[in-house]
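S.K.: just a sequence and a predicted model for now, questions to come.
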Amino acid sequence: MSDDETDPWRFGLFIFLILVAVTVVAGDSLETDREVLWRLKLFLEGNNRVNKGHYSQWTENSSPCEWPGVSCSSDKARVTGLNLSESNISGAVFNNFSALTQLTYLDLSKNTFEGHLPNDLSRCHNLKYLNLSHNILEGELNLNGLSNLEVLDLTLNRIAGELQFSFPSICNKLVVANLSDNNLTGSIYNCFDGCGNLRHLDLSANYFRGNIWSGLAQLVEFSVSQNYLSGSVLGSIFTENCSLEILDFSENAFTGHFPGNVSNCKNLVILNLWGNKFSGPIPAMIGSISGLEALFLGNNSFDSVIPESLLNLSKLDFLDLSRNKFAGDIQPIFGRFTQLKYLVLHGNFYTGGIYSSGILKLPSVSRLDLSFNNFTGPLPVEISQIQSLKFLILSHNNFSGNIPPEYGNLPAIQALDLSFNQLTGSIPPSIGNLTSLLWLMLANNSLSGEIPHEIGNCSSLLWLNLANNQLSGHIPTELTNIGRDPSSTFELNRQQNERIIAGSGECLTMKRWIPADYPPFSFVYTILTRKNCRNLWDRLLKGNGIFSVCVGVSNVRTFQITGYLQLSGNQLSGEVPTDIGKMQNFSMLHLGLNQFYGKLPPQIDKLPLVVLNLTQNNFSGTIPSEIGNIKCLQNLDLSYNNFSGTFPASFNELFDLSKFNISYNPLISGAIPSTGQLATFERSSYLGDPLLRLPAFFANSPAQPPKHAESNGGTRKTKLAVILAFLALILVALICGILSLVICISVKSPEEKPGYLLENIKYRHDLASSSGGSSPWLSDTIKVIRLDKTAFTHADILNATGRFSENRIIGKGGFGTVYRGELPDGRAVAVKKLQREGIEVLAMELATGRRAVDGGEECLVEWARRVMGNGRYGLGRTVLPVVLLGSGLAEGAEEMSELLKIGVNCTSEAPQARPNMKEVLAMLIKLLPQYG
């Protein structure tokens with residue numbers, strides 16, 4: 001071919017290459033980024049038709065650099081960052097983020113993304129920051145292409161698998177990695193050997209086993225708490241160039257002596273060894289870590305000899321030596337830790353030494369916790385001389401005698417817990433001097449006399465528990481003034497921005513102060529972990545609420561901090577003061593098991609109540625219809641009184657009500673509506689009310705008397721009934737399985753709309769965030785149910801059914817009413833509102849294997865597996881689910897534990913591990929002679 005013939009071909013090829021180059025360049029432009037983001041918007045709106053985030057504000061006629069959540073390069077030429085956190089997004093992760101070729105920052109945290117991590121994420125090669133925390137993502141970690149990643153946060157998901165197969169390839173530039181609260185397994189021994197830049201690593205709350213990683217000395221922060229790591233900790237891992245500032249080995253199974261080589265970590269501020277099996281002497285070399293501020297050695301088996309060298313820790317604020325089996329007198333050396341602010345010695349076997357140890361003369365101590373020991377005799381008066389004391393916890397001992405009046409001279413005290421002792425006499429009026437007091441716990445003693453009216457001067461007092469004493473007389477009107485203005489105390493706590501706070505350590509104290517039998521307190525109780533107790537206590541001390549309450553008589557909810565008043569189990573009498581309406585900072589009022597009489601003041605509707613319990617008193621007159629204005633009320637017990645008149649129709653508007661009892665008020669008349677909230681409760685809520693007309697279908701509803709009215713024979717029948725009910729539920733499960741198959745087939749058909757059955761029931765949250773920010777359970781947008789890969793909130797369900805409106809009813813029966821509704825994504829659903837929460841519901845959920853989700857963290861089946869089967873405590877009968885004990889089901893809880901084990905087996909991931917019906921029947925029959 002001649003040159004003349006070749007030149008046109010060369011010229012054409014040259015033009016073609018130029019066009020290709022232009023096309024490639026044009027493909028990587030702000031315009032193409034806009035197109036990708038627009039497809040993302042359509043994808044998110046398609047999966048979330050109602051609950052939309054700020055991505056819904058993106059418009060085609062503006063630059064994507066101006067869109068909420070989108071950030072661009074300095075020249076506005078490319079999209080470099082995308083923040084969709086807390087956007088109410090559910091469903092799968094978008095599968096084309098890699099088309100944003102200059103993306104370096106991606107935050108999808110605090111949503112309800114589910115499913116596996118898409119392979120597309122591994123193609124985002126420029127990504128430096130990736131936050132997927134607080135979702136329900138699952139599957140194995142596969143981000144192998146992200147070699148430029150510097151920050152990775154996967155906290156609170158369901159990521160599984162072993163790290164050595166996926167992690168080393170992405171950690172070359174990684175500085176921060178938070179993988180806590182997942183389902184990761186295997187060893188961590190050499191997973192991070194190639195991570196030369198890694199400084200912050202959190203692996204807590206997973207299922208790692210084996211030995212500790214030997215390269216941890218290069219880190220600044222390292223946490224492996226709440227895993228299954230074991231073996232001895234070798235001193236060689238703490239090299240001379242150790243840069244650790246925070247080291248958390250808590251709640252594992254490490255054994256042997258802890259090495260003194262940890263003193264090579266000269267920058268260490270927090271050392272947490274709590275909850276292991278360490279034994280032998282406390283390393284004296286720890287005393288050379290001059291900057292150490294917190295030392296947690298509790299729940300181990302260390303020797304009782306405390307090294308003198310620890311006195312050299314001039315910055316030590318927090319010392320926890322709880323639950324180390326120390327006995328006899330408190331060691332005298334504790335009185336020489338003059339720098340301490342928080343001394344925690346609870347759960348030992350001390351019998352004396354409070355005076356001889358010198359701890360009552362510690363000049364700076366703020367929290368002194370001597371609870372759960374064996375101290376006897378009178379309460380030490382000298383405690384009143386500790387002017388710095390804020391938290392005094394002496395509960396669960398054998399102290400006797402009177403409460404010293406001098407305790408009213410503690411100017412800074414915020415929590416005084418003297419409960420579960422043998423105290424007698426009256427409550428000293430000097431308690432009224434404690435204007436900073438937030439908690440006063442005097443329950444379960446033998447205190448007598450009247451409640452002093454001076455207590456009304458405790459303007460910060462939000463949590464008052466005087467239950468189970470022998471108090472008498474009237475409620476003083478001044479009592480309604482407690483907690484009226486705690487703002488000054490909260491403000492003082494907010495000003496103290498310290499790294500080590502009073503709530504550091506374990507949850508024992510907080511659990512004692514939360515009434516586990518009543519929602520939403522029981523809900524908060526069950527989610528407590530070591531990790532979030534610290535944050536929870538800190539939130540309370542700074543005046544932040546932990547659950548929503550209603551404002552006034554409306555449905556508007558706020559996280560206003562609220563407290564409780566518990567006076568149950570005394571001999572109090574008289575009428576409830578009409579000034580009770582002033583107690584607008586209280587969400588729980590328990591006056592049960594007393595001798596109150598007269599009319600209940602209608603002003604009670606001014607309280608943002610969640611729990612109102614007046615059982616077993618002598619109240620009379622009409623029940624105030626104003627109670628129907630308390631829209632957030634969840635637990636209402638008016639049983640065993642002498643109320644009369646017409647039953648208030650307004651109660652049918654209490655849509656949050658989950659527990660209700662009006663039984664044994666024989667003068668109550670009127671009719672219970674056949675639809676609405678009141679119709680969802682069992683007949684047992686209305687026993688002993690002969691003038692009350694109940695809906696006809698209540699005849700098919702069980703009518704069991706309250707527990708205190710049952711005889712032993714009745715209890716035996718109840719246990720047998722539980723097992724028989726479980727048998728019936730298993731059979732129902734088979735039918736449901738067949739129906740589910742039919743429904744699945746019909747759902748796949750494009751001609752028919754899918755139908756679903758929802759259960760209006762609350763489940764357990766087990767959240768523990770270490771990634772900062774507020775946890776999802778502290779939000780009114782808690783996801784309660786997930787169906788067909790879409791999440792909905794409780795508020796969505798209320799809206800879908802018109803707040804369970806009568807005109808939405810499509811069926812009803814002895815166990816609940818079914819309502820027609822339309823969910824946020826436009827789908828029609830049937831919502832079944834159960835008559836009550838109970839073990840039959842729990843058993844049914846397990847029998848059917850339903851994957852109901854309660855906030856994106858843990859479904860019911862997983863909860864049961866963790867507590868009963870796959871948890872760290874195994875299948876021991878002594879370990880009973882807190883949710884059973886906290887729901888008033890402690891009697892028969894062991895039987896329920898056995899049933900839960902069967903339920904866990906029936907929902908095993910491996911089909912071959914599931915028992916057949918014959919085997920299930922054999923297991924149930926085996927329980928009959930044991931519990932029947």
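M.R.: Nice, I can see it. The structure displayed is predicted, hence computed values, not measured ones.
S.K.: ok, Ser448 - contacts?
M.R.: Counting by C-beta atoms under 8 Å, 6 or more residues apart in numbering, Ser448 makes contact with Thr424, Gly425, Ser426, Asn469, Gln470, Leu471, Ser472. (Glycine included, C-beta is placed from N, CA and C.)
S.K.: skipping its backbone neighbours, what lies nearest the last one in space?
M.R.: Spatial nearest neighbour of Ser472, chain neighbours left out: Gln571 (4.5 Å); criterion: C-beta to C-beta, 6 or more residues apart in numbering.
S.K.: tell me how many other residues crowd the closest residue to Asn252 other than its chain neighbours.
M.R.: If the residues on either side of it in the chain are set aside, Asn252 comes closest to Leu229, at 4.4 Å by C-beta to C-beta, 6+ apart. Per other C-beta atoms under 10 Å, the neighbour tally for Leu229 reads 24.
S.K.: how about the contacts made by Leu229?
M.R.: Contact criterion C-beta under 8 Å, 6+ apart gives Ile188, Phe208, Arg209, Gly210, Asn211, Ile212, Phe249, Asn252, Ala253, Phe254 as the residues in contact with Leu229.
S.K.: give me the secondary structure label for it.
M.R.: Using DSSP: H, G, I helix; E, B strand; the rest coil, the secondary structure recorded for Leu229 is strand.
S.K.: can you check the pLDDT for it?
M.R.: Residue-level confidence at Leu229 comes out at 97, pLDDT.
S.K.: cool, and the one 10 residues further on?
M.R.: At Thr239 the predicted local confidence, pLDDT, stands at 95.
S.K.: next one: Leu741
M.R.: As summarised for this prediction, Leu741 has a pLDDT of 42.
S.K.: do the same with the one 10 residues further on
M.R.: On pLDDT, Glu751 comes in at 33.
S.K.: any low-confidence regions in the stretch 1-150 of the chain?
M.R.: 1-27 (pLDDT under 70).
S.K.: can you give me the helices for it?
M.R.: With DSSP state H, counting those that start in this stretch as the criterion, the stretch 1-150 of the chain has helices at 3-27, 30-47.
S.K.: what helices or strands is the last one leaning on?
M.R.: Judged by 3 or more C-beta pairs under 8 Å, 6 or more residues apart in numbering; DSSP states H and E, helix 30-47 is in contact with strand 79-83.
S.K.: follow-up on the earlier one: name the nearest of the contacts of Ser448 relative to Ile604.
M.R.: Taking C-beta to C-beta as the measure, Ile604 sits nearest to Leu471 out of the contacts of Ser448, at 21.0 Å.
S.K.: in a helix, the closest one, correct?
M.R.: No - assigned with three-state DSSP, Leu471 falls outside any helix and is strand.
S.K.: how about it: what's its closest non-neighbour residue?
M.R.: Leaving aside its sequence neighbours, Leu471 sits nearest to Asn570 (C-beta to C-beta, 6+ apart; 4.2 Å).
S.K.: that neighbour: what's it in contact with?
M.R.: Contact partners of Asn570, counting by C-beta under 8 Å, 6+ apart, are Leu466, Ala467, Asn468, Asn469, Gln470, Leu471, Ser472, Leu593, Asn594.
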